[in-house]
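Student: next input, structure requested:
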Amino acid sequence: MRYIIAGGGTGGHIIPALNIAEELSRHDPEAQFLFLGTERGLERKIVPERGYDITMIPAQPWRGKSSLKNLWHSTGEVVRIIKKFAPHCGIGTGGYVSAPLATGTAIKRVPLFWQEQNTYPGMATRLASLFARRVFLGFEEARQYLWRKKNALYTGNPVKFSAADISPEAARKKFGLDPDRFTLFVTGGSQGAAPINEVVLEMLRQFELPEKAQLMWQCGEKEYPALAEIVDRMELPVALMGFVRDMPAAYRASDLIICRAGALTLAEIAVAGVPAILIPYPFAAGDHQRKNARVFVQRGAAVMIDQNDLSPSLLYATIEELMGAPRRLAQMRKNMLSLAKPDAATVIAREILRCLGK
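Tutor: Model prediction:
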């Protein structure tokens, strides 16, 4: 089997594409994959690192009328690639780089499958819904925005993640923390999030931490040196890290997480069952992070603070309120686990193979 795959620009589109490819490889070790990407996207580096071939196309972000011209030009390039590679199907995971795959496979009558991570699908996904045999949804709420809805299937997001097989106490020891303290985990993603880091630092300066609480803080490699100097002088129970390599253990150590509301982050914390304070990135396309967060808030798995409202006093008060309500936290954990779809990649791969008669 040969698969042509496009999804890029950001890790939120690339990682699901890679996870689907790896799951298809597990079913068919001889499968061949060709990724499409652009020079400006993260896929240029990430895809080869994972051992896959990638071909660059001239796709560009949507910007008014010029986008149609670029889509037409990029589609022509994809059609040429399809003629040469002769894929059995195309797989898209969103982002501007994937739109030409939708139109290119339609022209060449190659079966198309799609995966949408967020509650609010972007233009590429809405376009692809017209042609795709299946649109796999990370959130059921995305269905209403598709231009063609009948082939959509709610599967959850394909994250290669499983909860760490260690106790919370052992996980805390791994990070140099007290095994018996209530553990907060702050992360703005692998690169950190400056607005969250600033508020957390100011919260520590003004209020320190609630009694019997300790903090595990992934701040990003860029901000780590400056923050480490300051935090060391505070002499508080804080484990500051630029980058956490063992996220399953970090989630296992956590009683409460403070994080963004990216689709893949939410999929991971749902599998881990960690109650959350969500601070959506306010400049996400279509404000999709806020829409993602609302789903988890409505299901009772998280609380949300808009970045515009975020302050040291509000963050401290929210943490203290949740720490003082153990029954509520326990219910949030159950609700979080109810949202988990740990086998999403397997479900997607099997459905693709079933539709292809394999």
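Student: which strand or helix spans the residue lying closest to K341 once chain neighbours are set aside?
Tutor: Of all residues not flanking K341 in the chain, G156 sits nearest, at 2.3 Å (CB to CB, 6 or more residues apart in numbering). The C-beta positions use only the backbone N, C-alpha and C, and glycine is treated the same way. G156 belongs to no helix or strand when assigned by DSSP states H and E.
Student: what about G156, distance to V79?
Tutor: Per CB to CB, to the nearest Å, G156 is found 32 Å from V79.
Student: which pLDDT value belongs to A325?
Tutor: With respect to pLDDT, A325 scores 97.
Student: count the neighbours of it for me.
Tutor: Neighbourhood size, A325 [other CB atoms under 10 Å]: 12.
Student: please, where are all the helices along the stretch 201-350 of the chain?
Tutor: Ranges of helices within the stretch 201-350 of the chain are 224-234, 247-253, 263-272, 288-298, 312-323, 326-338, 344-355, based on DSSP state H, counting those that start in this stretch.
Student: tabulate those (CSV), appending distance to I305 and mean neighbour count.
Tutor: Below are the helices of the stretch 201-350 of the chain laid out as CSV (distance: least, CB to CB, whole Å; neighbours: other CB atoms under 10 Å):
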stretch, distance to I305, mean neighbour count
helix 224-234, 21, 13
helix 247-253, 20, 22
helix 263-272, 15, 25
helix 288-298, 9, 21
helix 312-323, 6, 17
helix 326-338, 15, 15
helix 344-355, 28, 19
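Student: which one of those helices lies closest to A132?
Tutor: In terms of CB to CB, the element of these nearest to A132 is helix 344-355, at 10.3 Å.
Student: so what secondary structure elements neighbour that closest one?
Tutor: helix 11-27, strand 112-116, strand 134-137 (3 or more CB pairs under 8 Å, 6 or more residues apart in numbering; DSSP states H and E).
Student: avg pLDDT for that helix?
Tutor: 97.
Student: go on, stretch 206-223?
Tutor: When pLDDT is averaged over stretch 206-223, the result is 95.
Student: what's the end-to-end length of it?
Tutor: Stretch 206-223 has an end-to-end distance of 20 Å (CA to CA, to the nearest Å).
Student: residues of it that come out buried?
Tutor: Neighbour counts over stretch 206-223 (16 or more other CB atoms under 10 Å) mark E208, L209, P210, A213, Q214, L215, M216, W217, Q218, C219, G220, E223 as buried.
Student: can you name the residues that contact R134?
Tutor: By CB atoms under 8 Å, 6 or more residues apart in numbering, R134 lies in contact with F113, W114, N151, A152, L153, E351, I352, C355.
Student: where does the stretch 201-350 of the chain have low pLDDT?
Tutor: Along the stretch 201-350 of the chain, the model assigns pLDDT under 70 to no residue.
Student: distance of the residue of the chain most remote from its centre relative to E198?
Tutor: For the chain, the largest distance from the centre (CA atoms, centre = their mean) belongs to R233, which lies 34.1 Å off. To E198, R233 is 17 Å away according to CB to CB.
Student: ok, and what's touching stretch 138-153?
Tutor: Contacts to stretch 138-153, defined as CB under 8 Å, 6+ apart, come from residues 115-121, 125-127, 129-130, 132-137, 154-157, 263, 267, 291-292, 295, 344, 351.
Student: show me which pair in the contacts of R134 is furthest apart.
Tutor: A152 and I352 (14.6 Å).
Student: please report phi then psi for G357.
Tutor: Phi and psi for G357, reported as degrees, to the nearest 10, are phi 70, psi 30.
Student: would you reformat the helices of the stretch 201-350 of the chain as JSON lines and include distance to T187?
Tutor: Conversion of those to JSON lines gives the following (distance: least, CB to CB, whole Å):
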{"stretch": "helix 224-234", "distance to T187": "13"}
{"stretch": "helix 247-253", "distance to T187": "8"}
{"stretch": "helix 263-272", "distance to T187": "8"}
{"stretch": "helix 288-298", "distance to T187": "14"}
{"stretch": "helix 312-323", "distance to T187": "14"}
{"stretch": "helix 326-338", "distance to T187": "16"}
{"stretch": "helix 344-355", "distance to T187": "22"}
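Student: nearest to A102, of the ones you listed?
Tutor: Evaluated over the helices of the stretch 201-350 of the chain, closeness to A102 peaks at helix 344-355, with 15.8 Å, by CB to CB.
Student: may I have that closest one exported as CSV, CA atoms only?
Tutor: What follows is helix 344-355, C-alpha atoms only, in CSV (Å, rounded to 0.1, in the frame of the first residue of the first chain):
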residue,chain,number,x,y,z
ALA,A,344,-8.1,6.6,18.2
ALA,A,345,-5.2,5.9,15.9
THR,A,346,-6.1,2.2,15.7
VAL,A,347,-9.7,3.0,15.0
ILE,A,348,-8.7,5.4,12.2
ALA,A,349,-6.2,3.0,10.6
ARG,A,350,-8.6,0.1,10.6
GLU,A,351,-11.4,2.2,9.1
ILE,A,352,-9.1,3.4,6.3
LEU,A,353,-8.1,-0.2,5.5
ARG,A,354,-11.7,-1.4,5.7
CYS,A,355,-12.9,1.3,3.2
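Student: what does it rub up against?
Tutor: 19-20, 22-24, 26-27, 89, 91, 111, 113, 115, 133-134, 136, 138, 153, 155-160, 267, 341.
Student: which stretches of the stretch 1-150 of the chain form helices?
Tutor: Secondary structure of the stretch 1-150 of the chain (DSSP H, counting those that start in this stretch): helices located at 11-27, 43-49, 66-85, 99-108, 123-128.
Student: please consider this matter closed, and thank you.
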